[in-house]
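>>> here is a sequence with its predicted model. Questions after.
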Amino acid sequence: MLYGQMMQDQLTITKILQHANRFHAGSQIVSKTSDDKIHRFRYDQFYRRVCQLANALVKAGVQSGDRIGTLAWNDHRHMEIYYAASCIGAVCHTINPRLFDDQLTFIANDAEDKFLFFDPQFYGKVSELKDTFESIERYIVLSDAKPEAADAQGVEVYEDLIANEAESFNWPELDEKQASALCYTSGTTGNPKGVLFSHRSTLIHALSVSGGDWLCVRQKDSILPVVPMFHANAWGIPYAALMNGAKLVLPGYALDGPNLHTMLNEEQVTLMAGVPTVWLGLLEYLNRNNLTIDSVDRMMVGGSAAPMAIIREFEEKYDVRVMHGWGMTELSPVGTLGALKSHQANLPPEDRYQIQALQGRPLFGVDLRIVDEDGNIQPHDGKAIGALQVKGPWVVGSYYKDASPDSFTEDGWFETGDVAAIDPEGYLIITDRTKDVIKSGGEWISSIELENVAVGHPAVAEAACISIKHSKWGERPVVCVVLKEGADADPEDIKAVYEGQVAKWCIPDEIILVDELPHTATGKLSKLELRRKFEGYSLKTDEA
């Protein structure tokens, strides 16, 4: 057998760090810190501080494979931990601070974290839970001073930790298959499950997401990831930006309209990424105050389905092209992105929006298939619906500590828990989560489709569809709706928008106005909590 005579360098995150320092030294990382100040430095300054942290961690006894926990938002110090921990051979374990206390304790203990770095605003939470953490030896607050609290004993200050360390480091040669980061699923049912990312999977995921037809990350770009760094590595953007020398803008903890608008304009952001709830809030703020975001030309939406209203309004009012994506923590996390094909780019806007509202095409490296209840592979005709399975070099092969082994098929495919179709062009059409799809009178109804139609009403800010038991049909859909601030609409007016948009038997039985909708720790609608709230609810249409 013949082998190509190519260099055998390992695909590691260290390579990204060194490349950024050598060839993009002048590019900037700008962040809003926990004290609401703007911090700005160049890639070469970032590199030197990463070296200082690496020296401090090694001096503190951190070994290869040790888990280093973080409880932090998107700022420059969190970025430094991302790179320093992984590049010395440790594992950067990002913890979602929005989780319940028992989940935070479970995650830290299951991961066996050795250190915990945390933002000052989480000092109270850390103090409350400290006695429940079994393996954490040191606590470091991400600041230049201790929190203003009565008892800060045992807490170290980040800037003190790295202050006297050398600004260079002899990086070890790592195996590309070695774990670099650990992230847990949000755990909507049962305990969260850990997903270990390798250096190799992280690097090739960043290459695929940022290159070619997809996010098209360029050195001249200014990128603002609103998606938190504690959520699946901020969709790979902290790696893709440095890989390509782009300006990286980190918004800190304040993800509201005023803060985002200020950072978008002052830092001349060209690409932004986040979940629909954030963009709905930004849209409302822009519209109410007659503001602009002139520098932004494209936007990635993921985490849950983007309502058509977001896609249409951002383009027609703000000249921002929306790219829909789909993924999971288990996919590192991006699996598909909605780049248009050449023959679609010049379609009439409404036809193009219909394509942009789909979940996109698979990136190189991700394979998709749908199967029926008996495991038979279904055609990619846009009509057949089945359970979505994926595989690829950055798709999880098993959970940390082999949790939930039944999530994987015998032939190596990962069961996503989504119900989907795939059209002949390769676009993914997520119709529901397995646990959220509604079966009424033997017919399947997509809750996502009904939510998107509701949000198309001009008075609706957010919508969530759940099933309610029905004596005749088994289940019927209802849609809970939050109105825009200052808007007024009758439930029957909202219900009328379904006429002609969905089949008559899919029209929800009721529209229920609510003040707010529950969300998970990652910003997604919590159907589980909503179903609990409406357990036992009686439909007016039930003939029983």
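Yep, it's here.

>>> count of residues packed around the closest residue to G252 other than its chain neighbours?
In space, and not counting its chain neighbours, G252 is closest to K32: 3.4 Å by Cβ to Cβ, 6 or more residues apart in numbering. C-beta coordinates here come from the backbone N, C-alpha and C atoms, glycine included. Applying other Cβ atoms under 10 Å, we find 22 other residues in the vicinity of K32.

>>> again, but for Y318
Taking other Cβ under 10 Å as the definition, Y318 ends up with a neighbour count of 18.

>>> do I have it right that F118 meets L142?
Yes. Judged on Cβ atoms under 8 Å, F118 makes contact with L142 at a distance of 6.5 Å.

>>> find the residues that touch each one of these two.
Shared between the contact lists of F118 and L142 (criterion: Cβ atoms under 8 Å, 6 or more residues apart in numbering) are residues A72.

>>> hmm, who's touching stretch 225-234?
Where contact means Cβ under 8 Å, 6+ apart, the residues beyond stretch 225-234 that reach it are 70-74, 78-79, 82, 94-97, 181, 183, 197, 202, 235, 237-239, 248, 250-251, 255, 260, 272-275, 278, 302-303, 327-329, 332-333, 522.

>>> C-terminal to the worst-scoring helix or strand of the chain on mean pLDDT, what's the next element?
Every helix and strand in the chain was compared by mean pLDDT, DSSP states H and E; the lowest is strand 443-445, with a mean of 73. Next in sequence after strand 443-445, counting helices and strands by DSSP states H and E, comes helix 447-455.

>>> show me what the helix or strand following that next one is packed against.
Moving toward the C-terminus from helix 447-455, the next helix or strand (DSSP H and E) is strand 460-470. Identification of packing neighbours for strand 460-470 by 3 or more Cβ pairs under 8 Å, 6 or more residues apart in numbering; DSSP states H and E yields helix 276-289, strand 438-440, helix 447-455, strand 474-483, helix 527-533.

>>> of all those, which one is nearest I223?
helix 276-289 (15.1 Å; Cβ to Cβ).

>>> buried stuff in the closest one?
By 16 or more other Cβ atoms under 10 Å, the buried positions in helix 276-289 come out as P276, T277, V278, W279, L280, G281, L282, L283, Y285, L286.

>>> which outside residues touch that helix?
Helix 276-289 is contacted from outside by 226, 255-258, 260-261, 291-293, 299, 301, 303-307, 310, 313-314, 317-318, 461-462, 484-485, 519, 523, using Cβ under 8 Å, 6+ apart.

>>> and the helices in the stretch 1-150 of the chain?
13-23, 43-59, 76-87, 101-111, 123-129 (DSSP state H, counting those that start in this stretch).

>>> what helices or strands is the last one leaning on?
This points to helix 123-129. For helix 123-129, the elements it packs on are helix 101-111, judged by 3+ Cβ pairs under 8 Å, 6+ apart.

>>> residues of the helix it packs on that come out buried?
Within helix 101-111, the residues that qualify as buried are Q103, L104, T105, F106, I107, A108, D110, A111, counting by 16+ other Cβ under 10 Å.

>>> need the contact list for A20.
Going by Cβ under 8 Å, 6+ apart, the list of residues near A20 reads S27, Y43, F46, Y47, L242, M243, G245.

>>> please report how far it lies from T277.
32 Å (Cβ to Cβ, to the nearest Å).

>>> do F118 as well
Relative to T277, and taking Cβ to Cβ, F118 is found at 25 Å.

>>> could you do T270 as well?
With distances taken as Cβ to Cβ, T270 is found 22 Å from T277.

>>> ok, I430 next?
Distance from I430 to T277, by Cβ to Cβ: 17 Å.

>>> do E159 as well
For E159 relative to T277 (Cβ to Cβ), the value is 34 Å.

>>> let me know the pLDDT of S407.
S407 is assigned a predicted lDDT (pLDDT) of 88.

>>> same question, A544
pLDDT, A544: 45.

>>> same question for D402.
With respect to pLDDT, D402 has a value of 85.

>>> can you get me a residue count around it?
Applying other Cβ under 10 Å, we find 8 other residues in the vicinity of D402.

>>> what is the burial count for E173?
Other residues within reach of E173 by the criterion other Cβ under 10 Å amount to 9.

>>> just to revisit the earlier point, which one of the helices of the stretch 1-150 of the chain lies closest to L215?
Among the helices of the stretch 1-150 of the chain, the nearest to L215 by Cβ to Cβ is helix 13-23 (15.8 Å).

>>> pLDDT on that closest one, on average?
98.

>>> distance check, L286 against D294.
Computed as Cβ to Cβ, the L286 to D294 distance reads 11 Å.

>>> what's the answer for W473, then?
Per Cβ to Cβ, W473 is found 50 Å from D294.

>>> okay, these two: which has more neighbours?
Higher neighbour count among W473 and D294: W473, with 20 against 11, using other Cβ under 10 Å.

>>> that one contacts G441, doesn't it?
Yes. With contact defined as Cβ under 8 Å, W473 counts as touching G441 (4.5 Å).

>>> the contacts of helix 276-289 in strands, which ones?
In strands, judged by DSSP state E, the following of the contacts of helix 276-289 are found: M299, V301, A461, E462.

>>> tally of neighbours for the first one?
Neighbouring residues of M299 were enumerated by other Cβ under 10 Å; the total is 27.

>>> list the contacts for it?
Shown here is M299, whose contacts under the criterion Cβ under 8 Å, 6+ apart are L271, M272, A273, W279, F314, V320, R321, V322, M323.

>>> what number of residues lie near M7?
When neighbours are counted by other Cβ under 10 Å, M7 registers 4.

>>> next one: the one 10 residues further on
Under the neighbour criterion other Cβ under 10 Å, L17 is assigned a count of 25.

>>> distance of it from A496?
Applying Cβ to Cβ, one obtains 56 Å for the distance of L17 from A496.

>>> and for F122?
If you go by Cβ to Cβ, the gap between F122 and A496 works out to 46 Å.

>>> same question for C216.
Distance check for C216 against A496: by Cβ to Cβ, it reads 40 Å.

>>> now do K391
Relative to A496, K391 is positioned 44 Å away (Cβ to Cβ).

>>> contacting residues around W171?
Residues near W171 by Cβ under 8 Å, 6+ apart: T14, Q18, A54, C87, I88.

>>> tell me which two of those sit farthest apart.
Across the contacts of W171, the two members that end up farthest from each other (Cβ to Cβ) are Q18 and I88, 13.7 Å apart.

>>> could you find the closest non-adjacent residue to F408?
Residue nearest to F408 in three dimensions, not counting chain neighbours: F414, with 5.9 Å by Cβ to Cβ, 6+ apart.

>>> what residues sit buried inside stretch 339-347?
In terms of neighbour count (16+ other Cβ under 10 Å), stretch 339-347 has its buried residues at A339, L340.

>>> that should have said stretch 490-504, apologies.
Under 16+ other Cβ under 10 Å, the buried positions of stretch 490-504 are I494, K495, V497, Y498, V502.

>>> could I get those residues in TSV, plus columns for pLDDT and distance to S407?
Converted to TSV, these look like this (pLDDT from 0 to 100; distance: Cβ to Cβ, whole Å):
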residue	pLDDT	distance to S407
I494	93	37
K495	92	38
V497	91	37
Y498	92	35
V502	85	32
